[in-house]
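1. no FASTA, just this:
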DNA sequence: TGCTAAAATGAAACCAGTTTCATAGGGTGC
DNA sequence: GCACCCTATGAAACTGGTTTCATTTTAGCA
């Protein structure tokens, strides 16, 4: 072979090597340099001339090595000498080379991408309203970025346009499910993914038989702790505010914790339940107004999530009940707004940062067949003003 | 050629056609059927046996056509007869075939993916706190899904890990920038993308010289309308609450609208400015407390965004000032929480649904070189309780 | 210095589609 | 009956990397 050119002045034209094989052109495909040939195939793009992007063959030529060596060097493969690695890196920098991820993914059968699928009740659109999910979204993004994975995001708008074949079409290596509402409908579909050996994790209560895939907070324990705190502050008529239908098993677990704590203290269960599947400020507001007229006096409210608790505080204020003097309030989630309500909201914190980390970590473990260790996030009580106990 | 099999019972094994070309195997690569051959190459995966996924060659064989015809039929290419299309579709369904997007992207030089790059001040993390951006995120996701595009999402955590080469490495066809804070630092980098002919759009005020790429609300007009409304309700001492440093040019525009409206009515400018680059409830809360002590009585507050306005309401309540009786409050954005504050917040609505649509629409226009039409979203005043004028 | 194992490299196959190009077949106009 | 065109199709090139396999270099050691 001709002695490799270490530095190729821009525009230099090398005579093509004679092609000994007439049937199939050399892999370099004619273009032996990424610089545009004057006057050829150069329709002006939206801005300036569109130059052919450099390929690993161009890097190889410039660095004086073979293309396979370029590939190895750029991936920091073990079998490359330091000297070669340097030369390749420099050539790549010089030509502003970027790998074509599609070619890479195609051959390596790996995408380095995770897909985040946000499901939601099409009517209430809860996942988009509740800041808790934004927080999860953010931590998942960061966790996957930290591990060098890209994140595809998709909202399930209806149960029909089911984009679980993100994995089947090799767009992503694994799936993360996250959302609120219509849980059962999704769980059913999600669970079936295992059959087609698609790696996935879900934020939500464990479904029997699929231990590794379901990751969530310890909702029972969290709620128990919050209600115990209210009891310890002397509250005796504590209402639970939330929807415990099958739509949202998290809320059901929190209700269980609430009932357990009351049971320990021999206090009555007071339910501010409602049929609405949503869990917004508005719903909490309404529910507490209904409760006040119906159940007699209360001295505390435990909200199944912060938005409900905040709505309750607004409703209480409307009825001239003071928080926390007349009615103490505790929420669940610790959304970013919780410290800024008035009074600041006491709540059970879900550690979204840890949750995002765990989801991504466990998904990656599933992807390459390593065993999964934890699937539960511990919660913590954050005491602020709304429970009267700072 | 052998007569094509119209229907191939599962498990049927056809003798391989004699390979006339010894140097290079037929494109079908030996496997003439995706069904696993018993006992061969079948290490058990995490669950069950891992079967080779069907390729377009498998579909071709089952449907009795060539592989290129399969490709055309599945893409609804014009040059396929209805009969063929049906047969191919059926075969694909039967084998549960999904295209490999990496192969498709590689050859077609198109990814059908957009990348959403959320930039933010690394300290304040505003983009993740402000529900407005969640709303934008949601509408952008929906807009791109509606057009059949996937969405990659990435948070710029520092100005260093600049992932603008999402396009360069062919991960995405175009980029959407969105965020709050550190605007100038990003605009500088973003603007340079044009030089490498990367398609992009940005949510933010227009930068001179790059008209098509910058899309935003008419902030001046919106603020003017809000302040005019306060004036029409008889308010005379109206404070502006927000950071008008170069970090956030949107806020500066809103300040301009505020000053203009006051000028029309001959009223004094009262600034509740602050140095903090953040724009949270907390900051609004603090800023209004500082203002009250300093500037004498006010009868209205115009917040540069809803979070600031909500913080202001909390601060006013703390000082026993009634909203709207003593001080009227108007915000900007119309975040989802705005109707549920107490009193409900009057605000300038940014139409995030339209904004997401426009961003995606214009980006797609840039991608395939069509001209761009609009780059501005109109705002609208939403009157609720906090301005005393429902 | 010679022998052997390990490290480094190059050539070519390979991933699974899309696109180009050539061609067969059917209908139409004259 | 023949030239012509248009539709439908197949064969093969092509996309740009990674991976396998064979070969060359280098290093270590007696």
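-> Thanks, I have the structure now. Quick caveat, the model's predicted, so the values are computed rather than measured.
2. what's around residue A:189, how many residues?
-> Taking other C-beta atoms under 10 Å in any protein chain shown as the neighbour definition, residue A:189 ends up with a count of 14. Heads up, the C-betas are built off the backbone N, CA and C, glycines and all.
3. Now look at whichever strand or helix holds it and say if it contacts chain B.
-> For residue A:189, the enclosing helix or strand under DSSP states H and E is helix A:183-192. No: Helix A:183-192 lies out of reach of chain B by C-beta under 8 Å from any C-beta of the partner chain, never closer than 11.9 Å.
4. Let me see the ranges of the helices in chain A.
-> Counting by DSSP state H, chain A has helices at residues A:56-63, A:67-74, A:82-95, A:101-108, A:126-129, A:131-146, A:183-192, A:219-232, A:249-265, A:281-295, A:306-318, A:352-367.
5. closest to residue B:55 out of the ones you listed?
-> Of all those, the one in closest proximity to residue B:55, counting by C-beta to C-beta, is helix A:101-108 (12.0 Å).
6. Return the list of helices and strands in contact with the closest one.
-> Contact analysis of helix A:101-108 by 3 or more C-beta pairs under 8 Å, 6 or more residues apart in numbering or on different chains; DSSP states H and E lists helix B:101-108 as its packing neighbours.
7. count of neighbours near the nearest residue to residue A:132 once chain neighbours are set aside?
-> Taking C-beta to C-beta, 6 or more residues apart in numbering or on different chains as the measure, residue A:132 lies nearest to residue A:333, with 4.7 Å between them; neighbours along the chain are not counted. One way to gauge burial is a neighbour count; for residue A:333, by other C-beta under 10 Å, it gives 28.
8. hmm, back to that, now the helices of chain A in a markdown table, with distance to DNA strand C and mean pLDDT?
-> Converted to a markdown table, the helices of chain A look like this (distance: least, C-beta to the nearest atom of the strand, whole Å; pLDDT from 0 to 100):
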| stretch | distance to DNA strand C | mean pLDDT |
| --- | --- | --- |
| helix A:56-63 | 7 | 95 |
| helix A:67-74 | 3 | 95 |
| helix A:82-95 | 4 | 94 |
| helix A:101-108 | 4 | 96 |
| helix A:126-129 | 32 | 66 |
| helix A:131-146 | 24 | 89 |
| helix A:183-192 | 22 | 72 |
| helix A:219-232 | 42 | 97 |
| helix A:249-265 | 38 | 94 |
| helix A:281-295 | 46 | 86 |
| helix A:306-318 | 44 | 92 |
| helix A:352-367 | 17 | 95 |
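9. What is the burial count for residue A:213?
-> Neighbour count of residue A:213, defined by other C-beta under 10 Å: 24.
10. just residue A:218 next, same as before
-> The burial metric for residue A:218, expressed as a neighbour count using other C-beta under 10 Å, is 17.
11. Nearest to DNA strand C within the stretch 151-300 of chain A, name that residue for me.
-> residue A:170 (7.5 Å; C-beta to the nearest atom of the strand).
12. how about the nearest residue to residue A:366, chain neighbours excluded?
-> Nearest in space to residue A:366, with sequence neighbours left out and distances taken as C-beta to C-beta, 6+ apart, is residue A:199 at 4.3 Å.
13. Am I right that the one you found is in contact with residue A:362?
-> No: between residue A:199 and residue A:362 no contact is recorded; they are 9.6 Å apart, counting by C-beta atoms under 8 Å.
14. how about the residues of the stretch 201-350 of chain A near chain B?
-> With C-beta under 8 Å from any C-beta as the criterion, the stretch 201-350 of chain A meets chain B at residues A:280-282, A:285, A:310-311, A:314, A:317-318, A:336-337, A:339-342.
15. Show me which of these are buried.
-> Burial by neighbour count, judged by 16 or more other C-beta atoms under 10 Å in any protein chain shown, picks out A:280-282, A:285, A:310-311, A:314, A:336-337, A:339-342 from these.
16. Going by distance to DNA strand D, which of these wins?
-> Closest to DNA strand D, out of all of these and judged by C-beta to the nearest atom of the strand, is residue A:336, at 39.6 Å.
17. For residue B:268, see how far away the closest one is.
-> Using C-beta to C-beta, to the nearest Å, one obtains 35 Å as the distance from residue A:336 to residue B:268.
18. Same check on residue A:379?
-> 50 Å.
19. same question, residue A:87
-> Looking at residue A:87 against residue B:268, where the rule is C-beta to C-beta, the gap reads 68 Å.
20. Likewise for residue A:278?
-> For residue A:278, the distance to residue B:268 equals 44 Å [C-beta to C-beta].
21. which one of these two has more residues nearby?
-> Each of residue A:278 and residue B:268 has its neighbours counted (other C-beta under 10 Å); residue A:278 has more, 21 against 10.
22. Domain-wise, how is chain A divided?
-> A:1-99, A:113-216+A:353-377, A:219-351+A:380-387 (automatic domain parsing).
23. Identify the residue nearest residue A:257 in space, chain neighbours excluded?
-> Nearest non-adjacent residue to residue A:257, counting by C-beta to C-beta, 6+ apart: residue A:223, 3.0 Å away.
24. An error on my part: the question was meant for residue A:303.
-> Closest residue to residue A:303 in three dimensions, ignoring its sequence neighbours and counting by C-beta to C-beta, 6+ apart: residue A:309, at 3.1 Å.
25. With residue A:88 instead?
-> For residue A:88, the nearest residue in space outside its immediate sequence neighbours is residue A:73; the separation is 3.8 Å by C-beta to C-beta, 6+ apart.
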